[in-house]
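J.: quick one: sequence plus predicted model below, questions after.
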Amino acid sequence: MIDKQAGLVVHPAAGNLDGTLVNALLHHCHGSLSGIGGEARPGIVHRIDKDTSGLMVAAKHDRAHVGLAAQFKAHSIDRRYRAIASGRVLAASGTVDAPLARSPSNRKKIAVCSPGHGKHAITHWRKIRELRDASYIECRLETGRTHQVRVHMASIGHPLVGDPLYGSMRSTHRGLLATLGFQRQALHAARLGFIHPINGNALAFDSEIPADMQELFNQLIV
């Protein structure tokens, strides 16, 4: 299990060949990682965005990788994120069921597309607390698509605070974000639950939101 800090790239790619999570895992595990992901992604079963913090699981050998990957494919992994969304969400909870695909106008972005196109994606969310022109929410992923929480919340008018790709900074938050030096989406992978791929035990791990996001939350308390 890994509790990834924000700003850390998961695996090497163009422009980020060193200083990645994979580089650290190879060092920590003395090169003993699953080879299913190939040379560039040893041990990596899934990933989270560079500027999202929180929990990930990696596989030390192929048998574990296959077992974990099957659970991700079956959408049986318990994946819950904590986020600070722009605006006050009126409902107590809801579900966004909207397929996602690469944006035709910007290849760096993911977009909601029409039914029958893209990849099936479902996010269940619930409001935990109202904040100053924002809402503290938990999102449970039924699927795990690229940028899913960020795109789905933006699609219902509540992009994540600080999101440079899908959000538009509110005037009420601009000064605060600058003062705090908060330059990422307010998103944290807070829970990861799965069945151990070898012994069959049910496991669940939780991670508290990191200091930068906690400080943002504290400053937004009404």
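T.: Thanks, I have the structure now.

J.: name the nearest residue to S93, ignoring sequence neighbours.
T.: Leaving aside its chain neighbours, S93 sits nearest to R126 (4.0 Å; criterion: CB to CB, 6 or more residues apart in numbering). The C-beta positions use only the backbone N, C-alpha and C, and glycine is treated the same way.

J.: hey, what's the one you found bridged with?
T.: Beta-bridge partners recorded for R126 (DSSP bridges): S93, E138.

J.: so where do the helices sit in the chain?
T.: Counting by DSSP state H, one finds helices in the chain at the ranges 21-28, 62-73, 148-155, 171-180, 211-220.

J.: residues making contact with the last one?
T.: The contact list for helix 211-220 (CB atoms under 8 Å, 6 or more residues apart in numbering) reads 6, 53, 82, 84, 131-134, 136, 161-162, 173, 176-177, 180, 182, 184, 186, 188, 208-209.

J.: wouldn't H75 be in contact with R140 here?
T.: No. Between H75 and R140 no contact is recorded; they are 11.0 Å apart, counting by CB atoms under 8 Å.

J.: neighbour-wise, which of the two wins?
T.: Neighbour totals were compared for H75 and R140, and R140 leads with 17 against 13 (other CB atoms under 10 Å).

J.: contact partners for the residue nearest to S93?
T.: With contact taken as CB under 8 Å, 6+ apart, R126 is in contact with A92, S93, I137, E138.

J.: cool, H147 as well?
T.: Residues near H147 by CB under 8 Å, 6+ apart: D49, L100, K109, I110, L165, Y166.

J.: gap between the residue nearest to A202 when sequence neighbours are not counted and A74?
T.: Spatially, and ignoring its direct neighbours in sequence, A202 is nearest to I195 (5.8 Å; CB to CB, 6+ apart). Going from I195 to A74 by CB to CB, to the nearest Å gives 10 Å.

J.: out of those two, which sits in the busier spot?
T.: I195 (16 against 8).

J.: quick one, what contacts that one?
T.: By CB under 8 Å, 6+ apart, the residues touching I195 are G67, Q71, S76, N201, A202, L203.

J.: in the protein, which helix or strand is least confident?
T.: Least confident helix or strand, the chain: helix 21-28 with a mean of 77, by mean pLDDT, DSSP states H and E.

J.: buried stuff in that one?
T.: For helix 21-28, burial by neighbour count (16 or more other CB atoms under 10 Å) applies to L21, V22, L25.
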